[in-house]
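[1] I would like to see how this sequence folds:
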Amino acid sequence: MSHQNLLMLLSHAALAGTGIYCLLQVKNENMFCPHISFGIITINNIIGMCWCLSSYDNRIYDIFRFTSYCQSLFALPGITTSVWLANGYPKEWSWAWIITPIFPLVCYLTDAEMDMPLVDLLILFNLVGLGVVSFVKNLSYGVGATIAFALSHCYITHTTLYNYGLCFYSYFALRCLGFGQDIF
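    Below you'll find the model as predicted:
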């Protein structure tokens, strides 16, 4: 295994571990939105680890590509919905965050060409939605989650660094929802 493959494997393992930790922290939560976010992050990165260990098998890559797409669609809206609901915003508006990713997913599944612009627009709206509520309600971990996701999605192109950025996003999102413990 080359040095780069090992680094990518470790980044997938770190993010899968972070996702598992977050899932364990929210396991008794009545609302399922955090489970969607942390669950898809965990599943995607376990498959990413399998892909790295399989010497980049194309069959595993096809599954990994789909779960990566689902991660980009649902990781942020699940947390945005949870934060909006936890802060007393109307249910109709709050649930819209987790429902809207279904449209790009349908486009993806039907091979429509417009799915990626929709995903980028969806992520932008979710970043604004999470960031504004976090700022207004003085949720520093919510602001941290917003910044970590924005930096990871918009500025980091290397998969290994992207995964570590999502580790920070997951931790900050978990803390924003009132779970977990301070690491310092």
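
[2] drop to CA atoms for contacts and neighbour counts, all remaining ones
    Noted.

[3] And the helices in the chain, which stretches?
    Ranges of helices in the chain, per DSSP state H, are 3-25, 33-53, 58-86, 91-99, 102-109, 115-136, 140-155, 159-176.

[4] Among these, which one carries the weakest average confidence?
    Comparing mean pLDDT over the helices of the chain, the weakest stretch is helix 102-109, at a mean of 87.

[5] mind listing what's buried in that helix?
    Of the residues in helix 102-109, P104, L105, Y108 count as buried by neighbour count, 16 or more other CA atoms under 10 Å.

[6] Please name the residues that touch the residue nearest to the spatial centre of the chain.
    Residue closest to the mean C-alpha point of the chain, counted by CA atoms, centre = their mean, is A75 at 2.7 Å. A75 sits next to I36, S37, F38, I40, I41 when contact means CA atoms under 8 Å, 6 or more residues apart in numbering.

[7] Check A16 too.
    I41, T42, I43, N44, N45, I46.

[8] tell me the two of those that are most distant?
    The span of the contacts of A16, defined through CA to CA, is set by I41 and I46 at 8.6 Å.

[9] quick one: which of the two has more around it?
    Neighbours per residue, other CA atoms under 10 Å: of I41 and I46, the larger number sits with I41, 30 against 21.

[10] The more buried one touches G17, doesn't it?
    No. Using CA atoms under 8 Å, I41 is not in contact with G17; the gap is 9.7 Å.

[11] Roughly how far does T157 sit from N163?
    10 Å (CA to CA, to the nearest Å).

[12] Enumerate every residue touching L6.
    By CA under 8 Å, 6+ apart, L6 has no neighbours at all.

[13] Same check on the one 3 residues further on?
    Applying CA under 8 Å, 6+ apart, we find L9 in contact with G48, M49, C52, L53.

[14] any chance of these in CSV, with distance to Q25 and neighbour count too?
    Formatted as CSV, the contacts of L9 follow (distance: CA to CA, whole Å; neighbours: other CA atoms under 10 Å):
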residue, distance to Q25, neighbour count
G48, 23, 26
M49, 23, 22
C52, 28, 21
L53, 28, 14
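
[15] Just the closest of those to N5, please.
    C52 (6.5 Å).

[16] Can you tell me, leaving aside adjacent residues, what's nearest to the closest one?
    L9 (5.8 Å; CA to CA, 6 or more residues apart in numbering).

[17] quick one on the thing from earlier: need the buried residues of helix 102-109 in a markdown table (columns: distance to G178).
    As requested, the buried residues of helix 102-109 are exported to a markdown table (distance: CA to CA, whole Å):
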| residue | distance to G178 |
| --- | --- |
| P104 | 30 |
| L105 | 30 |
| Y108 | 34 |
